[in-house]
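[1] Could you look at this predicted model? Sequence included:
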Amino acid sequence: MSTRPHHARSRDGLVAVLAGATGLVGGECLKQLVADHRYARVVVVTRRDAGPAARHAKVEQVVSEFDRLDAVRDRLRDGDHAYCALGTTIRKAGSQARFRAVDHDYVLRFAEAARAGGATHLSVVSALGASRASPFPYSRVKGETEEDLRRMGWPSLAILRPSVIAGARAESRPLERLGEHVLRWAPAKWRPVAATDIAAAMIALAHESEGGVTVVESREIARCRV
Ligand SMILES: NC(=O)c1ccc[n+]([C@@H]2O[C@H](COP(=O)([O-])OP(=O)(O)OC[C@H]3O[C@@H](n4cnc5c(N)ncnc54)[C@H](OP(=O)(O)O)[C@@H]3O)[C@@H](O)[C@H]2O)c1
């Protein structure tokens, strides 16, 4: 285990706290965290049962709506590293306000609970082009989330900004699939990124970062693997 200040806790192993474990990137994160011997425990926070992936001796499942996280804060105590792959789309959420509630408010709530519980590193999935000044509502919300997470003063914060995410998704998202095919030939900054690479980068950054804020653009994500 690294001796850097944001990994200072000593026990049988590290504790990860993960939001988004039922999703594409979060599911990959869960798999990799379970297989990672540096972690003794993985606490997953989901609004519904996370299924077979959560039936592992190392995994503790906390089922809660994200606007009621206060009621389960105690169960998020003692995390070392927080991982957030929470998110929706404006179409799926049904409105820009509902989208913002998930991609901004719920992310912030999860981060606050994990930080209050003692976590010193957060790896979070944002998106290519995230900026508070963006003309696109999706990118603007992602940018606001990034800024508000920065303001929380994490000892170590890694923000990953993928382009379209590639991986085996149960749900059909034809536009994303089309984008994935078209963007395979695009310049590196737009090329699709595999969910497995994003998850690996999130974990690598928790261990390798020197602290402070690290922003990883889409083209650099695959290079963060250890
Ligand atoms: N997909 C892309 O191409 C793409 C591109 C760039 C950035 N991103 C960002 O990357 C991150 C991960 O993407 P992904 O494709 O892995 O996402 P995903 O497969 O859609 O998974 C999203 C996760 O967020 C949870 N979630 C959504 N709405 C929720 C709500 N109202 N309450 C509680 N949990 C909720 C889902 O839980 P349930 O299973 O319960 O719904 C799921 O665990 C997201 O922040 C996304 O914006 C995605």
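    Okay, I see it. Fair warning: this is a prediction, and the values are worked out from it, not measured in the lab.

[2] so how many other residues sit close to the residue in the chain that the ligand sits nearest to?
    Of all residues in the chain, Gly23 sits closest to the ligand, with a separation of 2.0 Å (C-beta to the nearest ligand atom). For every residue, glycine as well, the C-beta is placed using N, CA and C. As a burial measure, Gly23 scores 23 neighbours (other C-beta atoms under 10 Å).

[3] Where does pLDDT dip in the chain?
    Across the chain, the ranges flagged by pLDDT under 70 are 1-11, 226.

[4] At which residues are the helices of it located?
    Along the chain, the stretches classed as helices by DSSP state H are 24-35, 90-93, 96-100, 107-116, 137-151, 174-183, 195-208.

[5] May I see these arranged in JSON lines, with mean neighbour count as well?
    Formatted as JSON lines, the entries for the helices of the chain read as follows, by neighbours: other C-beta atoms under 10 Å:
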{"stretch": "helix 24-35", "mean neighbour count": "22"}
{"stretch": "helix 90-93", "mean neighbour count": "14"}
{"stretch": "helix 96-100", "mean neighbour count": "15"}
{"stretch": "helix 107-116", "mean neighbour count": "22"}
{"stretch": "helix 137-151", "mean neighbour count": "19"}
{"stretch": "helix 174-183", "mean neighbour count": "13"}
{"stretch": "helix 195-208", "mean neighbour count": "23"}
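
[6] pretty sure Arg73 contacts Ala113?
    Yes - using C-beta atoms under 8 Å, Arg73 and Ala113 qualify as a contacting pair, with a distance of 5.2 Å.

[7] still on that earlier bit, need the helices of the chain in TSV (columns: distance to Ala168).
    Compiled in TSV, these are given as follows (distance: least, C-beta to C-beta, whole Å):
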stretch	distance to Ala168
helix 24-35	8
helix 90-93	18
helix 96-100	24
helix 107-116	24
helix 137-151	23
helix 174-183	11
helix 195-208	8
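
[8] who does the longest strand seen in the chain touch, helix- and strand-wise?
    Using DSSP state E, we find that the single longest strand of the chain is strand 39-46. In this structure, strand 39-46 makes packing contacts with strand 14-19, helix 24-35, strand 59-63, judged by 3 or more C-beta pairs under 8 Å, 6 or more residues apart in numbering; DSSP states H and E.
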